[in-house]
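Q: Okay, sequence plus prediction incoming.
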Amino acid sequence: MKSDKKIVIFDLDGTILDTIADLAAAVNYALSLYNNPQRTVDEVKSFIGNGSLMLIRRALQNGGDDEFCKEVRTHFRAEYERRMLDQTAPYEGIPEALETISKRYMVAIVSNKPDKATKLLSREM
């Protein structure tokens, strides 16, 4: 069945949800396991882009090879999964805007987060 309804696609992090505090907390947890200095929320925000492996590489004091960064990322991901709903919230006006838009258009959310996390955050927010 063909639908004439158009679709509007939103990015999850930094567009509809403010996720940075939980991301920063998980990054700092992983860094602490390897005696790396803690990063501010603003620093973590500046490290975002190009996926979680690059986030970890940028956050580490002296970078690291792929295997080490993957090891640290494993701890980051596990911690983020535990705490991703602690401080994350929609930006002001977003729930109402999505409700209004969804009356006229199909709405989709995209993210480079793992699918499980994207679905959970989308449902909870």
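A: It's in. Numbering: from 1, shown residues only.
Q: for residue 109, helix, strand, or coil?
A: Here residue 109 is recorded as strand under DSSP: H, G, I helix; E, B strand; the rest coil.
Q: Next up, the contacts around it.
A: Residue 109 makes contacts with 9-12, 16, 118, 122, as judged by CB atoms under 8 Å, 6 or more residues apart in numbering. C-betas here are computed from N, CA, C, even on glycine.
Q: how about 10 Å then?
A: 9-12, 15-17, 98, 118-119, 121-122, 125 (CB atoms under 10 Å, 6 or more residues apart in numbering).
Q: ok, now residue 104?
A: With CB under 10 Å, 6+ apart, residue 104 has these contacts: 5-6, 8.
Q: hmm, back to that, PyMOL command to pick out the buried ones of the contacts of residue 109?
A: Of those, the buried ones go into a single PyMOL selection, burial set by 16 or more other CB atoms under 10 Å:
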select buried, resi 10+12+16+17+98+118+121+122+125
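Q: List just the nearest of the contacts of residue 109 to residue 29.
A: Closest approach to residue 29 among those (CB to CB): residue 121, at 18.7 Å.
Q: doesn't residue 19 make contact with the closest one?
A: Yes. Applying CB atoms under 10 Å as the test, residue 121 and residue 19 come out as touching, 7.5 Å apart.
Q: any residues in contact with both of these two?
A: Overlap of the contact sets of residue 121 and residue 19 (by CB under 10 Å, 6+ apart) consists of 12-13, 84-85, 88, 111, 113.
Q: Just give me the closest of these to residue 44.
A: For the shared contacts of residue 121 and residue 19, the closest approach to residue 44 (CB to CB) belongs to residue 13, at 11.8 Å.
Q: On the strand side of things, show who that closest one bridges to.
A: Beta bridges link residue 13 to residue 17, judged by DSSP bridges.
Q: so it makes contact with residue 48?
A: Yes. Under the criterion of CB under 10 Å, residue 13 makes contact with residue 48 at 7.6 Å.
Q: got any residues that touch both of those two?
A: Joint contacts of residue 13 and residue 48 (CB under 10 Å, 6+ apart) are 19-20, 23, 112.
Q: Among the shared contacts of residue 121 and residue 19, give me the pair with the biggest separation.
A: 85 and 111 (15.0 Å).
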